[in-house]
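Q: Structure of the sequence below:
(one chain, ligands or ions: 1)
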Amino acid sequence: MPVSTRAQFSVVRDEPNLATAQRHRPIPPDQEPATGLAPSLMRNPHHALKEKMKALTQFYEQHQHQLAGARGQASRLQKHIVATRHPSIDLLDSNVKKRGGGGEEEAEKKQANKVMDLVVMKENVSNVVPMSLPGAAKKPALLYSTADEAKENMRGGDEDRVAAFSCPKKETLDAARKLSLGGPGTQSEPRVLRPKISTGGGELGTISEDGGGSRIMVFVRLRPMGKKEKEAGSRCCVRIVDRHDVYLTEFASETDYLRLKRLRGRHFSFDASFPESTTQQEVYATTTAELVEGVLHGRNGSVFCYGATGAGKTYTMLGTIENPGVMVLAIKDLFLKIRQRSFDGNHVVHLSYLEVYNETVRDLLSPGRPLVLREDKQGIVAAGLTQYRAYSTDEVMALLQQGNQNRTTEPTRANETSSRSHAILQVVAEYREKVSGNVINRVGKLSLIDLAGSERALATDQRTQRSLEGANINRSLLALSSCINALVEGKKHIPYRNSKLTQLLKDSLGGPCNTVMIANISPSNLSFGETQNTLHWADRAKEIKTKACPVNEETQQVHESETDQARLLLELQKENSDLRQQLAQQKQKLLTLQAQSLAANNSTPAPSPATSSLMSPPPSSQRRVKRSILSGVCFSTPESKKRSAGNTTIACDLQDRVTALEMELERAKKEHRLQIKQKDDFIRELITKNNLRPLEGGDNREKRIVTRASLRKTERSVAAGELKSPSHRFLSPLPTAKKRTFWDITATNSPSVISVNGRKTKSHVAAGAATTPAAPSMLLQLTYRCFWFVLILGPHLLHHVSFSRASHAEGLIL
Ligand SMILES: Nc1ncnc2c1ncn2[C@@H]1O[C@H](COP(=O)(O)OP(=O)(O)OP(=O)(O)O)[C@@H](O)[C@H]1O
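A: As a prediction, this is how the structure comes out:
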């Protein structure tokens, strides 16, 4: 075994004098060392080293043995933790897998590290120890500050005292945090486990049926990861378990070496939490359907979406054409149910839509001057706000669309179509329902609120206008947070007047109203601060109790005659709607036919500008058609009576136009035929005159003008005065004469330039025909054929025909 000189030297250093002596003189075997060292050692200094190595090996083996024992305990602990593990681990797993980091072994190692790190998470460790853990009852929970501390404690046999994750600790009188400020900085708050709030005997998550005092229902919706977020390499930091619990995990920054590989997180619990795959219909059914039912029973209801900018509030409330949101679905449901329940079909639905932008209230349905808020018996009202009466879902949709076009949206860094205002849609429904012989008049109000995004200035934009908007948005959300705090703490004074938004939300928050809050969150770890903030306030809002919601209804005694009348009215209404439907179908058919005929017309050669201007509808009607088509696509609602009526009007217009155009064409055809006849007569007359008058000069006598009329004359002579069929006119009048080809047309007999009576002129004069009446040139024949072809072709070539005829005749005359 090689012995290091240093080791050797160290021994020598222990016994310096002896070593020096040994080095210089040999020790006699019988001499005992006076130093107390073993003679063997004295004899062989390497021996001491061997002994030391042996001792070290033994110590090492012991240590290994202890380590193995500790590992066994750790793996047992790990198994237990995995069984009850925090979903954040799954999040981290998935993120690691996504990044494809390392092999299996490495992943296992990472997993072990993660488990350890999670164990030492201060944030998530609470003083609640799961009952399943041995010794849980007798031993207090542990808070390990470092991984080493945790390991040490485990080694000491305290591994069974490791706490599980639980709800975050919460102080009842929480320091007033402000809603809009977002960002981290809330990590070190002390938390206590909050007991679930009972809803007055009702199940958690239900709206009180008897209208008794209830609490705000709070739901959380997680949106899918955005494209930009994916591109920025963000990781998912939210996990929803059992559609109820939300686990939020903070990944330490890669540059934060102190907390590298550590996870911090929080756990929240809501009435329901929706993962990213949840459909709009599901969200509506869980959050708002019950509220709509309440409205139909005469109770007021409010739904508002809260969350950071770009978290999906507008998507949840409005949605898209393909996936309509809560507003659209609620209104559809409302109309459907009213129609089903209305005793006499005389329901009234009023609608108003406003926005709070930069602390001013504006009417979205008829934009104009800012509105002033006033408080009267009904609560806070915006003076001068337009109340539209809507008769159908489609009408509401159209108004909603109109309102949204007027809403202030601007692209920000966080969201390309960021809503810069809080929008409130209010629907007041009034109808009469017959319940056990009595007619009940019910009035309910539904408020649907899409708040502007809570944001930090950096998340949006630094430009002045955006900053101002952001400040105002934050101001109103700040006021909202103060109101929530005051309501939760049961204060007498609730500062509703701090902002326009809170004034308008007074009824929804602390008034007699069933209220639902939907907190929208993003899954990206880049939005961790905002998400945590949103969840914090959503969690806080759960504690707000609303006042008892009185039922707004009036019972009326109805006479039998009145019932009969109502029944008759309903029957008539039904019949009327059936007839309207039939009419709409008929008109639809008519429209299709007209479209087909228009298409057929369009497939013919393009008409002249004049004709096309005649045939095409005026631009205004074109626009109307386009708009109606667009509006038809807007929402996938049933055909509205109104729209079909509009379509029908357009169809009738089109029909009339087509008929007028057809008549005009017919008249033009007649006129044209008459003109041709007149011209033929005129030409014939000319020829007759020419034949009667002897031409000047001998050669010239033989010259004669070959016209269609003259040909006809020849034909007549050939057929012994019989009138030929028009097709016959195209035959050569002299079959015996040599047939000329197109190429026989030379400069001499070309109609292009010839001399008649000493004048150069363009004409179809057969100059070379000396003896016999010359056969018409090929060009002439072609012209005739073209002429008839054009004549037969119809009205669309009318102008061409007239032009060629005119020029032809002119040439002949000349
Ligand atoms: N559940 C969802 N499913 C699919 N896409 C969604 C979902 N939620 C939001 N989005 C998309 O995320 C983007 C931002 O959503 P949205 O405009 O609703 O955010 P916001 O919270 O209203 O923002 P702001 O407060 O700035 O108006 C949109 O492109 C939207 O289509």
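
Q: Need the phi and psi values for the residue of the stretch 151-300 of the chain found nearest the ligand.
A: Per CB to the nearest ligand atom, the residue of the stretch 151-300 of the chain with the smallest distance to the ligand is R223, at 3.5 Å. Every C-beta, even on glycine, is put in place using the N, C-alpha and C of the backbone. Main-chain dihedrals, R223, degrees, to the nearest 10: phi -90, psi 160.

Q: what does this structure have sitting close to the ligand?
A: 223-224, 226, 307, 309-315, 415, 417-419, 452-453, 520 (CB under 6 Å from any ligand atom).

Q: Any regions of the stretch 551-700 of the chain where pLDDT drops low?
A: Within the stretch 551-700 of the chain, the stretches with pLDDT under 70 are 551-566, 603-644, 691-700.

Q: next one: phi and psi at R420?
A: phi -100, psi 10.

Q: wait, it sits on T409?
A: Yes: using CB atoms under 8 Å, R420 is in contact with T409, at 6.4 Å.

Q: pLDDT score assigned to the spatially closest residue to C513 that is not a sequence neighbour?
A: Nearest residue to C513, sequence neighbours excluded (CB to CB, 6 or more residues apart in numbering): N300, at 4.4 Å. Per-residue pLDDT puts N300 at 86.

Q: Relative to S214, how far out is N300?
A: 12 Å (CB to CB, to the nearest Å).

Q: Same question for V246.
A: Using CB to CB, V246 is found at 22 Å from S214.

Q: where does this structure have low pLDDT?
A: Looking along the chain with the criterion set at pLDDT under 70, you get 1-46, 73-213, 252-263, 410-417, 454-474, 548-566, 603-644, 691-814.

Q: Let me see the domain layout of it.
A: The record's domain parsing of the chain by automatic domain parsing lists 58-161, 180-555, 579-665, 698-813.

Q: mind listing the strands in the stretch 301-450 of the chain by residue range?
A: Ranges of strands in the stretch 301-450 of the chain, per DSSP state E, counting those that start in this stretch, are 301-307, 348-357, 360-363, 372-376, 379-383, 388-390, 409-410, 418-419, 422-435, 438-450.

Q: counting contacts, what elements does the third one pack onto?
A: Other elements packing on strand 360-363 under the criterion 3 or more CB pairs under 8 Å, 6 or more residues apart in numbering; DSSP states H and E are strand 348-357, helix 500-504.

Q: Let me know which of these is tucked in deepest.
A: With neighbours taken as mean count of other CB atoms under 10 Å, the helices and strands packed on strand 360-363 reach their highest mean count in helix 500-504, at a mean of 25.

Q: Which elements pack onto the next helix or strand after it?
A: Downstream of helix 500-504, the next assigned helix or strand under DSSP states H and E is helix 506-510. Counting contacts by 3+ CB pairs under 8 Å, 6+ apart, helix 506-510 packs against strand 301-307, strand 379-383, strand 438-450, helix 464-488.

Q: Can you say which of these is packed in most?
A: When the helices and strands packed on helix 506-510 are compared using mean count of other CB under 10 Å, strand 301-307 is most buried, at a mean of 26.

Q: May I have the strands that pair with that one, each with its orientation?
A: Counting by DSSP bridges, the strands paired with strand 301-307 are strand 438-450 (parallel), strand 514-521 (parallel).

Q: Excluding sequence neighbours, find me the nearest residue to L569.
A: Closest to L569 by CB to CB, 6+ apart is D344, at 5.6 Å.

Q: distance of that neighbour from E571?
A: 11 Å.

Q: Show me which of those two is the more surrounded one.
A: It is D344, of D344 and E571, that has more neighbours when counted by other CB atoms under 10 Å, with 20 against 11.

Q: isn't the more buried one right next to I338, touching?
A: No: using CB under 8 Å, D344 is not in contact with I338; the gap is 11.7 Å.

Q: Export the helices and strands packed on helix 506-510 as JSON lines, with columns for distance to R567.
A: Listed next are the helices and strands packed on helix 506-510 as JSON lines, based on distance: least, CB to CB, whole Å:
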{"stretch": "strand 301-307", "distance to R567": "31"}
{"stretch": "strand 379-383", "distance to R567": "37"}
{"stretch": "strand 438-450", "distance to R567": "13"}
{"stretch": "helix 464-488", "distance to R567": "48"}
